[in-house]
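Novice: Give me a model of this one.
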Amino acid sequence: MEVFQCLCHLKDAVAKEDFAVMLQLLCSPRYAAPLSQVAQQLKPILRQPACAPLEPEIDSLLQRAEADPDYDAKLSRVADTFNLLYRVYHQLPRAEFAGFVDCFMFDNASASHETIMQRLDHFKRQLTPAQQATLESIMNEQAQSGDEQGLEMLGMDDDLDEDDFSDGMETADEPPRLRLAVNPAAIVDPYRPKPTPSAAVFSPDMQAWITEAHRVMNNDDTLCQPFTQILESDQLNGLPFTDSLIHIFQWVQTTNPSLWDALSPILEQMHGLQDTNTEQFSSYEEFVQRTFLDTDGQTYLDGEIAQAQMHNMLNNMSM
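Specialist: Purely as a prediction, here's the structure:
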């Protein structure tokens with residue numbers, strides 16, 4: 001609960017858009033950006049005056065996550081499901097909300113989708129009919145939203161008091177504390193299983209280039225597996241190959257920058273296979289403007305990738 005409580009405090013302290021960026025950074029894959037880099041990227045937001053009273057709490061949370069991979073995994077999972085938790089928090093009494101949180105087994109990074117679903121089903125049977133209906137409604141909206149990013153905030157009341165984490169049973173006369181927007185933004189589906197590597201299907205030509213990439217990485221599993229996982233995850237999520245280029249470049253820069261010279265010609269061939277029908281860009285400047293600046297992606301990349309490195313990468317690509 002301490003991670004959720006800290007995130008609630010941050011939500012109250014910063015703008016909606018800044019908090020959405022914070023959640024995205026905290027639940028981003030660590031192979032793309034280690035937590036130390038995430039902490040650096042959070043600093044501009046955390047320097048806001050409203051965050052000053054929270055600085056010790058935030059520093060403690062990030063330091064503990066950097067020192068303990070299990071706690072880091074917990075932080076990432078809570079950030080990934082925060083919007084769902086926040087909605088349920090405003091609808092269930094505190095004791096029932098604590099039971100709902102327990103279903104996700106945040107302290108167990110290896111908890112399976114099936115186990116979590118079984119715990120959720122058992123938990124729902126313990127609720128009153130009215131509470132069951134409320135929870136089912138929230139979860140159905142969650143499942144129907146289908147947005148993988150799911151980091152836009154909902155139109156909710158933000159009156160989260162410190163005492164709410166200790167007692168606070170809601171009474172029949174208490175008005176609902178959740179106010180949904182007309183079209184609530186999508187949030188991550190935490191009880192949907194993550195795609196497995198075998199679910200991705202590459203064309204024979206694409207698979208051949210992946211094999212070639214493995215060869216230049218000396219078939220080192222510590223390099224080949226994350227490389228392939230990035231491609232698989234992006235394909236399963238329907239992302240254009242230009243996004244995969246950025247994700248792989250970020251991973252290379254944090255893992256072994258010397259790999260880039262060997263991988264970039266192979267990625268150029270993959271790009272030709274994968275994105276033959278996608279939008280082309282007339283220049284590097286247009287690519288940066290439309291891919292990053294126009295979509296707030298620059299916020300994510302600031303402090304992580306130098307401009308010169310990006311230019312070097314994109315010069316090797318047929319944009």
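
Novice: Give the buried residues for stretch 92-110.
Specialist: Of the residues in stretch 92-110, 92, 94, 96-97, 99-101, 103-106 count as buried by neighbour count, 16 or more other C-beta atoms under 10 Å. (C-beta placed from N, C-alpha, C; glycine too.)

Novice: Restrict that stretch to CA atoms and write it as PDB.
Specialist: C-alpha atoms of stretch 92-110 as PDB (Å, rounded to 0.1, in the frame of the first residue of the first chain):
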ATOM      1  CA  LEU A  92     -15.100   0.300  -2.100                       C
ATOM      2  CA  PRO A  93     -14.700   0.600   1.700                       C
ATOM      3  CA  ARG A  94     -11.100   0.500   2.800                       C
ATOM      4  CA  ALA A  95     -11.100  -3.100   4.100                       C
ATOM      5  CA  GLU A  96     -12.600  -4.300   0.800                       C
ATOM      6  CA  PHE A  97     -10.100  -2.200  -1.200                       C
ATOM      7  CA  ALA A  98      -7.200  -3.800   0.700                       C
ATOM      8  CA  GLY A  99      -8.600  -7.200  -0.300                       C
ATOM      9  CA  PHE A 100      -8.800  -6.100  -3.900                       C
ATOM     10  CA  VAL A 101      -5.100  -5.000  -3.800                       C
ATOM     11  CA  ASP A 102      -4.100  -8.300  -2.300                       C
ATOM     12  CA  CYS A 103      -5.600 -10.200  -5.300                       C
ATOM     13  CA  PHE A 104      -2.800  -8.800  -7.500                       C
ATOM     14  CA  MET A 105       0.000 -10.200  -5.400                       C
ATOM     15  CA  PHE A 106       2.200  -7.200  -6.000                       C
ATOM     16  CA  ASP A 107       4.900  -8.600  -3.700                       C
ATOM     17  CA  ASN A 108       5.200 -11.700  -5.900                       C
ATOM     18  CA  ALA A 109       6.700 -10.800  -9.300                       C
ATOM     19  CA  SER A 110       6.200 -14.300 -10.600                       C
END
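
Novice: just to revisit the earlier point, spatially, which two of the buried residues of stretch 92-110 are the most separated?
Specialist: Spatial extent of the buried residues of stretch 92-110 (C-beta to C-beta) is set by the pair 94 and 105 at 19.5 Å.

Novice: quick revisit: how about CSV for the buried residues of stretch 92-110, with pLDDT, distance to residue 205 and secondary structure added?
Specialist: Output for the buried residues of stretch 92-110, formatted as CSV (pLDDT from 0 to 100; distance: C-beta to C-beta, whole Å; DSSP: H, G, I helix; E, B strand; the rest coil):
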residue, pLDDT, distance to residue 205, secondary structure
92, 90, 52, coil
94, 91, 56, helix
96, 92, 53, helix
97, 92, 51, helix
99, 93, 51, helix
100, 94, 47, helix
101, 93, 47, helix
103, 92, 44, helix
104, 92, 41, coil
105, 91, 41, coil
106, 90, 42, coil
